[in-house]
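Enquirer: have a look at this fold, sequence not included:
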């Protein structure tokens with residue numbers, strides 16, 4: 001039996017998932033919240049980005065269940081566990097860990113990137129060496145003759161399985177919608193194809209199909225080729241990109257959540273009490289904002305690194321050491337980045353404080369803490385939610401900048417910033433090694449773009465100033481959906 005390991009970030013991610021599920025359950029029982037969230041997902045970009053974020057989140061969660069394997073030993077002896085900490089994603093990608101080459105190789109290649117002295121026919125010549133795992137099943141004499149046909153056949157097979165799975169998902173979604181609306185399957189399919197639905201079902205299904213057709217051939221090829229090539233040490237680039245997703249999610253979520261206690265408490269107190277309390281808190285976050293963030297974060301990270309280096313006995317494995325550094329980096333980003341949200345909360349509290357119901361609560365003798373908790377805080381949470389979602393993508397990009405300057409996550413931990421940092425030297429060599437940078441950039445842009453589009457939908461749904469525009473758009477959509485039904489009834 002393996003020994004399950006709970007890293008600090010695993011605990012926080014598990015708590016975050018539980019809190020999200022509880023919030024979703026509470027929101028489903030509240031008509032106003034349910035209506036607001038459904039309004040956020042009625043636009044196609046928000047719905048599609050939510051699906052993309054959910055797929056990335058599944059990868060991050062599978063990489064957050066860690067364990068250490070039991071080593072084989074004598075019968076009756078004490079169980080000894082391996083020093084390497086693995087995750088469920090590592091089990092799925094075990095083949096990619098085994099497929100480690102000597103050095104660089106291009107995507108889907110069967111030969112190395114640089115020429116070496118190779119013995120052929122009893123003579124030594126300079127040639128591109130065959131890879132140990134990538135394309136190893138191809139004929140040794142003439143691999144180029146069968147390479148294109150083999151790659152095409154495997155990719156086509158993966159695309160066919162992906163298309164079949166996508167068709168089943170689409171049929172299932174259309175069938176569920178037909179049953180919930182009390183209509184036939186054919187009518188439900190026509191309405192989905194014509195986009196005559198209240199929710200953007202067609203866009204959601206197209207997103208699922210696009211992802212399936214992209215990853216289907218990749219899954220079919222990854223056991224026999226390096227789909228995105230290998231890096232300088234021969235590690236699979238696709239493996240590094242998938243392992244970097246968890247790091248991006250951890251930094252985006254934990255660093256954002258770390259800002260909330262400071263921003264909410266100081267912002268509400270400053271806006272409610274005003275006077276010298278407001279002046280003191282303004283001086284505090286103004287001073288914090290005047291220091292360049294990169295320099296402040298770099299100083300804090302270096303102090304943390306010195307402490308970790310001086311106390312190696314606190315960490316049983318290298319994974320625990322890297323995880324603690326990641327957690328502390330998130331806390332540092334939160335402690336140094338709460339000023340902007342604090343300004344927004346303070347300004348909103350200044351406005352809410354003068355409203356009639358707050359003045360009435362004060363006149364009836366309610367305490368300041370009770371008023372702030374029961375009347376002010378619920379009315380500033382829409383700003384907190386909008387800012388939290390918007391800051392998620394910004395922090396992912398910020399991690400790339402910090403890793404680029406050498407003060408990001410631990411070098412032993414995969415991250416998009418670390419991949420881009422290593423790619424800056426690879427982009428200047430000859431022949432050009434472009435695939436690590438493209439892989440990291442592509443995955444990171446997809447995640448950040450999905451987060452930004454989802455944040456736009458959440459902002460429009462929760463922002464009271466946009467509620468009128470969204471309500472009119474929703475009424476127009478309902479009228480467009482109801483028009484075919486009315487025409488059919490009139491006929």
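Expert: Noted; the coordinates are in hand. Given the structure is predicted, the values throughout are model-derived calculations rather than measurements. Numbering: from 1, shown residues only.

Enquirer: pretty sure residue 301 contacts residue 409?
Expert: No: in this structure residue 301 lies outside contact range of residue 409 using CB atoms under 8 Å: 9.7 Å. Where C-beta positions appear, they are placed from N, C-alpha and C, glycine not excepted.

Enquirer: give me the common contacts of the two.
Expert: residue 329 (CB atoms under 8 Å, 6 or more residues apart in numbering).

Enquirer: okay, the two: which has more neighbours?
Expert: residue 409 (25 against 20; other CB atoms under 10 Å).

Enquirer: assumed that one was part of a strand.
Expert: No: counting by DSSP: H, G, I helix; E, B strand; the rest coil, residue 409 falls outside a strand, being coil.

Enquirer: excluding chain neighbours, what is closest to it?
Expert: Spatial nearest neighbour of residue 409, excluding adjacent residues (CB to CB, 6 or more residues apart in numbering): residue 415 at 4.9 Å.

Enquirer: got the contact list for the one you found?
Expert: Applying CB under 8 Å, 6+ apart, the residues near residue 415 are 244, 247-248, 399-400, 403, 408-409.

Enquirer: mind checking how far it is from residue 339?
Expert: 25 Å (CB to CB, to the nearest Å).

Enquirer: same check on residue 85?
Expert: For residue 85, the distance to residue 339 equals 36 Å [CB to CB].

Enquirer: and residue 343, what pLDDT?
Expert: pLDDT for residue 343: 90.

Enquirer: correction: the previous question concerned residue 340.
Expert: 87.

Enquirer: give me the contacts around the host helix or strand of residue 341.
Expert: Under the criterion of DSSP states H and E, residue 341 resides in helix 339-353. Helix 339-353 has contacts (CB under 8 Å, 6+ apart) with 259-260, 262-264, 266-268, 270-272, 274, 278, 281-282, 285-286, 288-289, 358, 375-376, 379-380, 383-384, 387, 391.

Enquirer: show me the strands in the stretch 51-200 of the chain, by range?
Expert: 66-68, 70-71, 80-81, 86-87, 116-120, 123-127 (DSSP state E, counting those that start in this stretch).

Enquirer: now the ones you listed in JSON lines, with distance to residue 454 and mean pLDDT?
Expert: Formatted as JSON lines, these follow (distance: least, CB to CB, whole Å; pLDDT from 0 to 100):
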{"stretch": "strand 66-68", "distance to residue 454": "28", "mean pLDDT": "87"}
{"stretch": "strand 70-71", "distance to residue 454": "41", "mean pLDDT": "80"}
{"stretch": "strand 80-81", "distance to residue 454": "40", "mean pLDDT": "78"}
{"stretch": "strand 86-87", "distance to residue 454": "26", "mean pLDDT": "88"}
{"stretch": "strand 116-120", "distance to residue 454": "48", "mean pLDDT": "74"}
{"stretch": "strand 123-127", "distance to residue 454": "50", "mean pLDDT": "78"}
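
Enquirer: of all the ones you listed, which one comes closest to residue 7?
Expert: strand 66-68 (5.9 Å; CB to CB).

Enquirer: parallel or antiparallel, list what pairs with the closest one.
Expert: If you go by DSSP bridges, strand 66-68 pairs up with strand 3-5 (antiparallel), strand 86-87 (antiparallel).

Enquirer: thinking again about what came up before, in the helix holding residue 341, what's buried?
Expert: Buried residues in helix 339-353, counting neighbours by 16 or more other CB atoms under 10 Å, are found at 339, 341-346, 348-349, 352-353.

Enquirer: any idea which element the residue lying closest to residue 48 once chain neighbours are set aside lies in?
Expert: Using CB to CB, 6+ apart and skipping residues adjacent in sequence, the residue nearest residue 48 is residue 207, 4.4 Å away. Taking DSSP H and E as the criterion, residue 207 maps to helix 201-221.

Enquirer: on contacts alone, who are the packing partners of that helix?
Expert: helix 44-62, helix 143-181, helix 185-193 (3 or more CB pairs under 8 Å, 6 or more residues apart in numbering; DSSP states H and E).

Enquirer: how distant is the helix or strand following it from the center of its chain?
Expert: Next in sequence after helix 201-221, counting helices and strands by DSSP H and E, comes helix 237-273. Centroid separation for helix 237-273 versus its chain: 12 Å, with CA atoms, centre = their mean, to the nearest Å.

Enquirer: in helix 237-273, what's buried?
Expert: Those would be 237-260, 262-273, for helix 237-273 by 16+ other CB under 10 Å.

Enquirer: and the angle for that helix with helix 339-353?
Expert: Angle between the axes of helix 237-273 and helix 339-353 is 40 degrees (criterion: axes from the mean of the first three to the mean of the last three CA atoms, to 10 degrees).

Enquirer: domain ranges for the chain?
Expert: 147-223, 242-480 (automatic domain parsing).

Enquirer: residue 58: which of those domains is closest?
Expert: domain 242-480 (9.5 Å).

Enquirer: just the angle for the helix or strand hosting residue 419 relative to helix 237-273, thanks.
Expert: Per DSSP H and E, residue 419 falls inside helix 416-426. Using the same axes, to 10 degrees, the inter-axis angle of helix 416-426 relative to helix 237-273 is 130 degrees.

Enquirer: do me a favour and average the pLDDT over helix 416-426.
Expert: On average, helix 416-426 scores 82.

Enquirer: show me what that helix is packed against.
Expert: Judged by 3+ CB pairs under 8 Å, 6+ apart, the packing partners of helix 416-426 are helix 237-273, helix 377-404, helix 435-462.

Enquirer: what's the angle between the helix holding residue 341 and helix 377-404?
Expert: Orientation check (the same axes, to 10 degrees): helix 339-353 against helix 377-404 gives 170 degrees.

Enquirer: off-centre distance for helix 339-353?
Expert: With CA atoms, centre = their mean, you get 29 Å for helix 339-353.

Enquirer: and stretch 24-40, by the same measure?
Expert: 23 Å.

Enquirer: what of stretch 158-173?
Expert: Worked out by CA atoms, centre = their mean, stretch 158-173 lies 24 Å from the chain centre.

Enquirer: try stretch 288-298
Expert: 25 Å.

Enquirer: returning to what we had before: lowest average confidence across the helices and strands packed on helix 416-426, which one?
Expert: Looking at these, the bottom one is helix 377-404 with a mean of 80.
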